[in-house]
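[1] attaching a predicted model along with its sequence, questions to come.
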Amino acid sequence: MASGGRDATHDRRARVAVAALFLTNGAIFANLVPRFPELKTDLALSNTAYGVVVAAFPIGALVAGVAAGAVIRRFTSARAALVSTVGIAVLVFAAGLSTTPALLAAALFAGGACDAIADVAQNTNGLRVQRVYQRSIINSLHAVWSAGAVLGGAMAAAAIAMHIPVATHLGASSAVFVVVAAVAYPFLLHGSDEDDRPPTSPGTSMKPSRRVYVAVLLLVVIATAGAVVEDAGSSWATLYLGQNLGAEGAVAALGYITLLAFHFVGRLTGDRLVDRFGERAVVRCGGLVTAIGMGLALAFPSVPGTIAGFAAAGIGIATVVPAAMHGADRLPGLRTGSGLTAVAWLMRIGFVASPPIVGMIADATSLRVGLLVVPAAGLAVVMAAGVLSGRRQPTRSSAHPR
């Protein structure tokens, strides 16, 4: 805990620096998402083929994600985060240059592999900063990710409106956010990520118990549900609003952008809610908001109603993934990064399975029916939220910089 001005300044800089990584991680890929319909049209992809190609990103993450913990222990979270962020930027640019479905899928696959490392690395560094602050800040860091995604989506919408070619747009945006990550790197928490972890209590087994494995499973359910909702916004919101409800290009992009915007609002306020009511209550309430909000939007389809439904889904699942990550980082008997790696890796199943499943349902019935995965995910969060921590008793400690 910071005890002087110098340490407090160092802590604030570390928080800003890791927030910058979350910003770049959200913004780089979000610049690509609104341009997926153009790539789908240019490459003449059916809904099923499009779903399979888009799933290459989470498949790459699933393949590489299992190694994230080992990579972080070997190179530290700071180094792993920077290198993997640069990799995502380069591969998103490559996706924009794709001339065949195979090339697009290959770029997305490799980009997903880099994203899996970046995800665990930035969360590991962010949770180190949270331990320094001794209060919840992880939701605010994920809020910055959402802000980055909103920024990236808005940049893409502006590029579409100005008829800027996909490759030109993605090359420029990727370069900008690589510079942001490089500037932030020196101010991250460096050194071994083991150094500031709380010591194991005497008599505590170093091997995870059966209850730990059950907790991991429930945390995966929670995180996967969040992934399914996020994927519905990134992969299908623009298509659904445009093709099914007749919204024009810029309006159709509002479904995804609105989800991200309310995602940001929910995460910006999430830390205070979690400190007051506990992760369990906040996440369970959010699952209900997601299920009811998107359920009503699909039951009574309209452009404004659907945008509102994606807004409800965004704010409803805002604290879901941060809560799962925090829970995984606190599991006893696991090495540094192992719990985070397990949850982050397994939740990628949601990103892998969701696009082709929704695509197949859409081809067989309609995209409206396929999007029922969103309220279903909200209900899954409600049922699994019991594994999360309740309200914490406040502790008396020295003031920390905000």
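    Looks like it came in fine.

[2] what's the burial count for residue 46?
    Neighbourhood size, residue 46 [other C-beta atoms under 10 Å]: 12. The way it works is simple: take the backbone N, C-alpha and C, and place the C-beta from them, glycine included.

[3] now it: how far from residue 53?
    Distance, residue 46 to residue 53, using C-beta to C-beta, to the nearest Å: 10 Å.

[4] same check on residue 64?
    Residue 64 sits 18 Å away from residue 53, going by C-beta to C-beta.

[5] between the two, who's got more neighbours?
    Neighbour tally, residue 64 and residue 53, criterion other C-beta under 10 Å: the higher count belongs to residue 53, 26 against 21.

[6] the more buried one against residue 108, yeah?
    Yes: between residue 53 and residue 108 there is a contact under C-beta atoms under 8 Å: 7.0 Å.

[7] who touches both of the two?
    Counting by C-beta atoms under 8 Å, 6 or more residues apart in numbering, residue 53 and residue 108 have no common neighbour.

[8] which residues touch residue 170?
    31-32, 35, 92-93, 95-96 are the contacts of residue 170 under C-beta under 8 Å, 6+ apart.

[9] reformat those as CSV; add pLDDT, neighbour count and distance to residue 68.
    Listed next are the contacts of residue 170 as CSV, based on pLDDT from 0 to 100; neighbours: other C-beta atoms under 10 Å; distance: C-beta to C-beta, whole Å:
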residue, pLDDT, neighbour count, distance to residue 68
31, 93, 31, 24
32, 92, 28, 22
35, 87, 22, 28
92, 95, 27, 19
93, 95, 23, 23
95, 92, 26, 22
96, 89, 23, 26
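
[10] farthest-separated two in those?
    Comparing all pairs in those by C-beta to C-beta, the longest separation belongs to 35 and 93, at 11.9 Å.

[11] distance check, residue 132 against residue 97.
    Going from residue 132 to residue 97 by C-beta to C-beta gives 42 Å.

[12] higher neighbour count, the two?
    Neighbour comparison, residue 132 and residue 97: the larger count goes to residue 132, with 19 against 13 (by other C-beta under 10 Å).

[13] you'd agree the more buried one is up against residue 13?
    No: using C-beta under 8 Å as the test, residue 132 is too far from residue 13 to be in contact (11.6 Å).

[14] report the buried residues of whichever strand or helix holds residue 177.
    Using DSSP states H and E, the element containing residue 177 is helix 166-184. Residues of helix 166-184 classed as buried: 166, 169-171, 173-174, 177-178, 180-181, 184 (neighbour count, 16 or more other C-beta atoms under 10 Å).

[15] give me the neighbour count for the nearest residue to residue 123 once chain neighbours are set aside.
    Take residue 123 and drop its neighbours on the chain: the residue closest to it by C-beta to C-beta, 6 or more residues apart in numbering is residue 325, 5.1 Å away. When counting by other C-beta under 10 Å, one arrives at 26 neighbours for residue 325.

[16] now do residue 325, the pLDDT please.
    If you check residue 325, the pLDDT there is 84.

[17] and the gap between it and residue 304?
    Separation of residue 325 from residue 304 (C-beta to C-beta): 33 Å.

[18] same check, this time on residue 64
    Look at residue 64 and residue 304: by C-beta to C-beta, they are 40 Å apart.

[19] same question for residue 223.
    Counting by C-beta to C-beta, the separation of residue 223 from residue 304 is 31 Å.

[20] again, but for residue 32
    27 Å.

[21] just the strands in this protein please.
    Read by DSSP state E, the chain holds no strands at all.

[22] can you list the low-confidence ranges for it?
    Low-confidence segments of the chain (pLDDT under 70): 1-6, 195-209, 333-337, 351, 391-402.

[23] let's go with 50 and repeat that
    Within the chain, the stretches with pLDDT under 50 are 1-6, 200-205, 394-402.

[24] and the longest helix belonging to it, which residues are buried?
    Counting by DSSP state H, the longest helix found in the chain is helix 101-133. For helix 101-133, the neighbour count (16+ other C-beta under 10 Å) marks 101, 104-133 as buried.

[25] thank you kindly, that will do.
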